[in-house]
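[1] model this:
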Amino acid sequence: MRLSRERILLLVLLAAVAAVWWLAWGEINNDLTITVFDVGQGDCILVQAPGGRTMLVDGGGTPGQQGSGWDIGREVVVPGLMARRVKKIDIVVITHPDEDHIGGLPAVLEAVPVGMVLDPMLECESDTYRRIEELLEEKKVTHHRATEGQRLNLGRGIYADVLNPPEPRLKGTGSDSNNNSVVLRVVYDGLSVLLTGDIDRVGAMRMARLGEEIESTILKVPHHGSAEPAVRQFVEAVNPQLAVISVGADNPFGHPTAEALRELERVGAKIMRTDRDGAVTVGARPPEWSAWGWLQAAQGRRESGTVEAGARERL
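    Residues are numbered from 1 along each chain as shown. Got it, this is the predicted structure:
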């Protein structure tokens, strides 16, 4: 979903403020920061580890943007990375090849050196995906197939486990691209963040069967808060303190749905949304974490919490 000119200008201004706040919060305090960018009805998440390693999960995008002159990667994502002083991305993760997740990645690959790309390598004939493949070959970026069981090292004991997709891939689910999304669980000394791509009901139920393995302090809500993955078993298994929804304002899909919000509220999760809060940044120094939305910063809105006792023992 295309962002208005006024919203873009506001995002650029807030990005400058973010750079200052990031220095105070992230670099000086040496904390883990995770930012869910405001890319409308799409996903783009930046993970910055204390040791300096970075991971970008998806790149936002707008279906049908090709040829329009609008490029969310150039207009929103790259400026956001620059504001956060990202000079290199160690790992880019493509959760799945839908346009609202990969549309901004060509601009990112053109602007920022990338160490490696992790990708479920699902069948995709889009011009955007072909351009990504061309850039990876041109820049000699290592391209790996994502599969459950892999572990990504982010340094200083921080890691991200790949929980989905399985091998062989799920088929006949009604939304195979979504249900084969890469699901990551980022773990930092007892604090955990579950990044879920666009898994739908089948993927969510598969995750729910993992039980305590997906319990997480913070949840990036699947599929922009659609009703499909809002199954009670999944939300109860994750049991998040904070749920972040990456969603476009006034989107035509009705996201987030009342059902998704109800299930999150039922487990006591605090909810933040990019359509209302702007880009959402989580700063973590276990056992404490804090989160703020840039559009709400002037009002002083901030959520915070503490990792439950015993979480470290389970990990």
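[2] hey, where'd the helices end up in the chain?
    5-22, 72, 78-83, 99-102, 105-111, 127-138, 176-179, 201-208, 232-238, 258-266, 274-277, 311-314 (DSSP state H).
[3] turn the ones you listed into CSV, including distance to R145 and mean pLDDT.
    The C-beta positions use only the backbone N, C-alpha and C, and glycine is treated the same way. Below are those laid out as CSV (distance: least, Cβ to Cβ, whole Å; pLDDT from 0 to 100):
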stretch, distance to R145, mean pLDDT
helix 5-22, 33, 56
helix 72, 26, 94
helix 78-83, 25, 96
helix 99-102, 16, 97
helix 105-111, 17, 98
helix 127-138, 13, 97
helix 176-179, 15, 97
helix 201-208, 18, 97
helix 232-238, 25, 97
helix 258-266, 30, 97
helix 274-277, 29, 94
helix 311-314, 29, 52
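[4] with distance to L56 and mean neighbour count added, can I get those in JSON lines?
    Formatted as JSON lines, those follow (distance: least, Cβ to Cβ, whole Å; neighbours: other Cβ atoms under 10 Å):
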{"stretch": "helix 5-22", "distance to L56": "15", "mean neighbour count": "15"}
{"stretch": "helix 72", "distance to L56": "14", "mean neighbour count": "26"}
{"stretch": "helix 78-83", "distance to L56": "8", "mean neighbour count": "20"}
{"stretch": "helix 99-102", "distance to L56": "11", "mean neighbour count": "25"}
{"stretch": "helix 105-111", "distance to L56": "7", "mean neighbour count": "21"}
{"stretch": "helix 127-138", "distance to L56": "13", "mean neighbour count": "16"}
{"stretch": "helix 176-179", "distance to L56": "20", "mean neighbour count": "23"}
{"stretch": "helix 201-208", "distance to L56": "22", "mean neighbour count": "22"}
{"stretch": "helix 232-238", "distance to L56": "23", "mean neighbour count": "20"}
{"stretch": "helix 258-266", "distance to L56": "25", "mean neighbour count": "17"}
{"stretch": "helix 274-277", "distance to L56": "16", "mean neighbour count": "22"}
{"stretch": "helix 311-314", "distance to L56": "26", "mean neighbour count": "12"}
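[5] show me the one of these that comes nearest T217.
    With Cβ to Cβ, the closest approach to T217 among those belongs to helix 311-314: 7.5 Å.
[6] tell me the contacts of N179?
    N179 is in contact with P165, L170, T173, I199, D200, V202, G203, R206, counting by Cβ atoms under 8 Å, 6 or more residues apart in numbering.
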